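A.B. asks: from the sequence below, what's the structure:
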Amino acid sequence: MKLAHSSVIVVAFAATAAHAQLNLLGVIQSAQSAIAQGTSSGKPDIPSGTALLQQAKGLAAQQVWAQKSSEAQQENAQDMATRQAQQNAFMQQQQAKDDAGQAAGDKRVRDAEEYHEKAQQESAQRAAQAATQARAACPELANKKLGLGAAMVTCKNKGMSEQQMMATFGDAPIAAQAYASAVVQDIYEDNVTSPRRGNDVSDYYDKCYRRGTPCPRPQW
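C.D. replies: Numbering: from 1, shown residues only. The predicted structure is shown next:
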């Protein structure tokens, strides 16, 4: 297991303090022994004992410094751990907010797509219903033997309006709607009353539709 840098420093200072304490006890005992020997021999003082006491004072100061340094390192390590924990918590909160914002944005996109799709489906359903009702008003539109133009002219002659005629192919593909609209407009604008002439109109625009090219509008 690897120790953190701060932990190594704390252990080092703790060892230094313990070592200084052991040295201090040894020096004090040596100084006391030397002074006792000097006193018992009748000498007022022994320089070596004084030196040992000075050394003991130095070791005591070293012990105090080592202890304070160790405590300071422990406090710094705790402060660093606290700041790191706070930073991690902040980053987690920010990530949670970002994730929530992304989820909300994705939901809005999905909702918009679903709404658009639903609107298209409803529009297609309404167009299909209107086309079914309009075709039911003139059964000739379902008679393929007549031809599209002839069927339209027949329904027109029976009183079907241009708007009703447009509704009969409202459920067809867009390109087919454009083709059928041109046929209806020409028949009604030029007041075509002959079913045969109506097929001429539808055949003309059918060729344009199959070529995929626009055609000039003729006079019928």
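
A.B. asks: and the strands in the chain?
C.D. replies: In the chain, no strands are defined using DSSP state E.

A.B. asks: so where do the helices sit in it?
C.D. replies: With DSSP state H, the ranges of helices along the chain come out as 5-40, 47-136, 148-157, 162-167, 174-189, 195-211.

A.B. asks: how big is the angle separating the fifth one from helix 195-211?
C.D. replies: For the pair helix 174-189 and helix 195-211, the angle between their directions (axes from the mean of the first three to the mean of the last three Cα atoms, to 10 degrees) equals 150 degrees.

A.B. asks: who are the packing partners of helix 174-189?
C.D. replies: With contacts taken as 3 or more Cβ pairs under 8 Å, 6 or more residues apart in numbering; DSSP states H and E, helix 174-189 sits against helix 148-157, helix 162-167, helix 195-211. Bear in mind the C-beta positions are built from the backbone N, C-alpha and C, glycine included.

A.B. asks: with the last one instead?
C.D. replies: Under the contact criterion of 3+ Cβ pairs under 8 Å, 6+ apart, helix 195-211 touches helix 148-157, helix 174-189.

A.B. asks: nearest to residue 117, of those helices?
C.D. replies: helix 174-189 (17.4 Å; Cβ to Cβ).

A.B. asks: contacts for the closest one?
C.D. replies: With Cβ atoms under 8 Å, 6 or more residues apart in numbering as the test, helix 174-189 has contacts from 148-149, 152-153, 156, 162, 165-166, 169-170, 172, 192, 198, 201-202, 205-206, 208-209, 217-218, 220.

A.B. asks: lowest-confidence stretch among the helices of the chain?
C.D. replies: Per-stretch mean pLDDT for these is lowest at helix 5-40 (a mean of 51).

A.B. asks: which of the helices and strands packed on helix 174-189 sits most buried?
C.D. replies: Most buried of the helices and strands packed on helix 174-189 by mean neighbour count (mean count of other Cβ atoms under 10 Å) is helix 148-157; its value is a mean of 22.
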